[in-house]
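**Q** this one's sequence-less:
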């Protein structure tokens, strides 16, 4: 091998020469096969070589590691298997050493790039290590005007080659928007590595208002209308006057109408008292020798009414039918009372009846004048 050790950068190539000598006594053909971890990146030119006895040939090995995490940094052994066609058992495997230089490549992105919220936003930062060596980085956040606060879990990460790390971030606005439309606040999360410039990942935080804008407008209009209504009411309030307070004299001058007293007839006298009075008067007449006067029509009516009233009372107490209603207030009785001076006979007085009441019974008629 010339040289025995080589160095190569990922993404570039490195070449090594391999000399082969035919020590046999016949012409032989040799085939070359790379082996080891670097075999996928190794090419041999030419793949076969025909040599005469005692002659030497040269084969060139080219190494081209890709610029990916698969080409890990550090020394890597390699080998080439040489197989002679005439003597397949006499296989030779020369070895060498190839050193792959390290490189770093970091890629970061926000998932999602735009977050929305009223009190907080929760994006995730994905950091990919595309290099061939381990990466240690620190994370931080910043924005214009320092309007957001950042909570990163965690602030330092270690990422193996070909791996990714997801860091949870919490964004909180320092001022809460109560009313109004949404506000957009750009921010950036920085990935810092030693010896390199910080890499900023830009994002957008959309802060929503707690109450929608139309609600604030409606509330403002209602307040204005309420204030205007109160002012108009206080300015043009109707004057309410009480008539009872301003005109007490007129209210007291109107006296209530009193109902007229009812007409009550005097109760009739019982038959016993009338008989006693008649006896006394008879005795007086006998003693005095005076002549007995003829009863008038009014007296006859009064006597008939008294007799008709007393008789039903006695019948009611004995369980008979109720007494008839007297008709002292009937037009015929009043007319007969006013004409007290008009003489009438016993038969005429007996036939006088009430306009609305029943005719007195025979017992009532017999009570005053006898059978």
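**A** Yep, it's here. In this text the structure is predicted, and so the values were computed from the model without any measurement.
**Q** When you work out contacts or count neighbours from here on, use the C-alpha atoms and nothing else.
**A** Will do.
**Q** Residue 162 contacts residue 71, correct?
**A** No - counting by CA atoms under 8 Å, residue 162 stays clear of residue 71, with 10.3 Å between them.
**Q** Pick out whichever of those two has more residues nearby.
**A** The neighbour comparison of residue 162 against residue 71 (other CA atoms under 10 Å) goes to residue 71, with 25 against 17.
**Q** Contacts only, for that one.
**A** Listed by CA atoms under 8 Å, 6 or more residues apart in numbering, the contact set of residue 71 reads 10, 65, 100, 132.
**Q** shared neighbours, residue 162 and residue 71?
**A** By CA under 8 Å, 6+ apart, the residues touching both residue 162 and residue 71 are residue 132.
**Q** quick one on the thing from earlier: and the contacts of residue 71, which two are furthest apart?
**A** 65 and 132 (11.2 Å; CA to CA).
**Q** Now do stretch 109-120: distance from first to last residue.
**A** 19 Å (CA to CA, to the nearest Å).
**Q** Where does residue 226 sit, in terms of helix or strand?
**A** helix 213-235 (DSSP states H and E).
**Q** Sorry, wrong one. I was asking about residue 115.
**A** strand 114-117.
**Q** Mind listing the strands that strand pairs with, and their directions?
**A** Under the criterion DSSP bridges, strand 114-117 sits next to strand 199-207 (parallel) in its sheet.
**Q** which residues does the residue nearest to residue 143 when sequence neighbours are not counted contact?
**A** Once flanking residues are discounted, residue 143 sits nearest to residue 187: 4.4 Å by CA to CA, 6 or more residues apart in numbering. By CA under 8 Å, 6+ apart, residue 187 lies in contact with 141-144, 202-205.
**Q** Okay, and the beta partners of residue 186?
**A** residue 204.
**Q** So it versus residue 194, what's the distance?
**A** 26 Å.
**Q** Name the spans of the protein whose pLDDT lies under the cut-off.
**A** 179-180, 213, 237-371 (pLDDT under 70).
**Q** Show me what stretch 96-111 is in contact with.
**A** 1, 4-10, 65, 71-79, 123-133, 135, 191, 201-203.
**Q** What are the neighbouring residues in contact with the nearest residue to residue 116 once chain neighbours are set aside?
**A** Among residues not flanking residue 116 along the chain, residue 206 sits closest, at 4.6 Å (CA to CA, 6+ apart). Residue 206 is in contact with 114-117, 182-185, counting by CA under 8 Å, 6+ apart.
**Q** Report all helices and strands that the following helix or strand past the strand holding residue 115 contacts.
**A** Sequence-wise, the next helix or strand downstream of strand 114-117 (DSSP H and E) is strand 124-129. If contacts are counted by 3 or more CA pairs under 8 Å, 6 or more residues apart in numbering; DSSP states H and E, strand 124-129 sits against strand 106-111, strand 164-173.
**Q** Just put those in a markdown table and tack on distance to residue 227 and mean neighbour count.
**A** Shown next, in a markdown table, are the helices and strands packed on strand 124-129 (distance: least, CA to CA, whole Å; neighbours: other CA atoms under 10 Å):
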| stretch | distance to residue 227 | mean neighbour count |
| --- | --- | --- |
| strand 106-111 | 50 | 17 |
| strand 164-173 | 35 | 18 |
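**Q** Rebuild those as a markdown table, extending it with distance to residue 86.
**A** Formatted as a markdown table, these follow (distance: least, CA to CA, whole Å):
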| stretch | distance to residue 86 |
| --- | --- |
| strand 106-111 | 53 |
| strand 164-173 | 52 |
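**Q** Which one, of those strands, ends up nearest to residue 156?
**A** Between the helices and strands packed on strand 124-129, strand 164-173 lies closest to residue 156; by CA to CA that is 9.4 Å.
**Q** and the angle from the closest one to strand 106-111?
**A** Angle, strand 164-173 to strand 106-111, by axes from the mean of the first three to the mean of the last three CA atoms, to 10 degrees: 50 degrees.
**Q** can you list the domains in this structure?
**A** 5-100, 106-207, 271-278+295-369 (automatic domain parsing).
**Q** and stretch 20-39, how far apart are its ends?
**A** 20 Å.
**Q** Can you list the buried residues in that stretch?
**A** 20, 22, 28-35, 38 (16 or more other CA atoms under 10 Å).
**Q** cool, and stretch 207-226?
**A** Quick answer for stretch 207-226 (16+ other CA under 10 Å): 207-210.
**Q** tell me the contacts of residue 202?
**A** 110, 113, 186-189.
**Q** Residue 178 too?
**A** Applying CA under 8 Å, 6+ apart, we find residue 178 in contact with 209-211.
**Q** before we move on, what about residue 70?
**A** 132, 162.
**Q** try 10 Å
**A** 10, 130-133, 161-162 (CA atoms under 10 Å, 6 or more residues apart in numbering).
**Q** for it, helix, strand, or coil?
**A** Secondary structure, DSSP: H, G, I helix; E, B strand; the rest coil: residue 70 is coil.
**Q** For it, grab phi and psi.
**A** Note on residue 70: backbone dihedrals following degrees, to the nearest 10 are phi -70, psi -30.
**Q** And residue 34, by the same measure?
**A** The phi/psi pair for residue 34 (degrees, to the nearest 10) is phi -70, psi 140.
**Q** pretty sure it is touching residue 45, no?
**A** No - in this structure, residue 34 is not within contact of residue 45 by CA atoms under 10 Å, at 11.2 Å.
**Q** what's the overlap in contacts for those two?
**A** With CA under 10 Å, 6+ apart as the test, residue 34 and residue 45 both reach residue 61.
**Q** I'm done for today, thanks for sticking with me.
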